[in-house]
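Trainee: Next come a sequence and a model predicted from it.
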Amino acid sequence: MWISILQWAEWLQNTGGSIAIRESTLLFPFIEGAHVLGIAISVGIIVLLDVRLLGWGLRNTAVSDVFEKLRPLALFGFGLMFVTGLLLFWSEPVLCVTKVSFLVKLGLLALAGLNALIFDRSVYPSVRNWNTAGILPSRAQFAGGASLALWLGIIFCGRWTAYF
């Protein structure tokens, strides 16, 4: 027998873990604060790479230097953001699945992941050919611009979900 997403969200919201997070005076704000910290670390670093890809800054720094040195920290921030995001979802799954802003956020996250995967697999491998160029290939510029736009939308939709 199949259950709807809303029925699953209602079941999840009534679990002990969901209730504990939602009703805790300290746990929910701690998780939310850690989520914001993860966003700041991850997206802040992603913006630095995007700015370099677009040629808006860091022109005297090789793309590979920006990417290779900051990638581990960006992945740490993304991991923190992801885990705490799951916990925040667990605390209020019905609210999340019934808000268009949350569903749009998930779609934008999927597109941001796809953009990063395409950049990592098909654009970045040729970095030695354009690593220090003033004007980068259009595919690299597109990846940076798309990333900026997608993360702006993700953050906007996340705040919209939480507060409206």
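Mentor: In hand now; what should we look at? Residues are numbered from 1 along each chain as shown.
Trainee: On the three-state scheme, residue 25 is what?
Mentor: coil (DSSP: H, G, I helix; E, B strand; the rest coil).
Trainee: ok, now how distant is it from residue 81?
Mentor: 23 Å (Cβ to Cβ, to the nearest Å). C-beta coordinates here come from the backbone N, C-alpha and C atoms, glycine included.
Trainee: Please, where are all the helices along this structure?
Mentor: With DSSP state H as the criterion, the chain has helices at 5-13, 16-23, 27-54, 63-91, 93-97, 100-118, 138-163.
Trainee: now those helices as CSV including distance to residue 125, mean neighbour count and mean pLDDT?
Mentor: Below are the helices of the chain laid out as CSV (distance: least, Cβ to Cβ, whole Å; neighbours: other Cβ atoms under 10 Å; pLDDT from 0 to 100):
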stretch, distance to residue 125, mean neighbour count, mean pLDDT
helix 5-13, 38, 14, 95
helix 16-23, 42, 13, 95
helix 27-54, 15, 18, 95
helix 63-91, 11, 16, 95
helix 93-97, 37, 19, 95
helix 100-118, 11, 16, 97
helix 138-163, 11, 17, 94
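Trainee: quick one, which of those helices is nearest to residue 128?
Mentor: Closest to residue 128 of the helices of the chain, according to Cβ to Cβ: helix 63-91, at 7.7 Å.
Trainee: mind checking pLDDT for residue 1?
Mentor: Reported pLDDT at residue 1 in the predicted model: 59.
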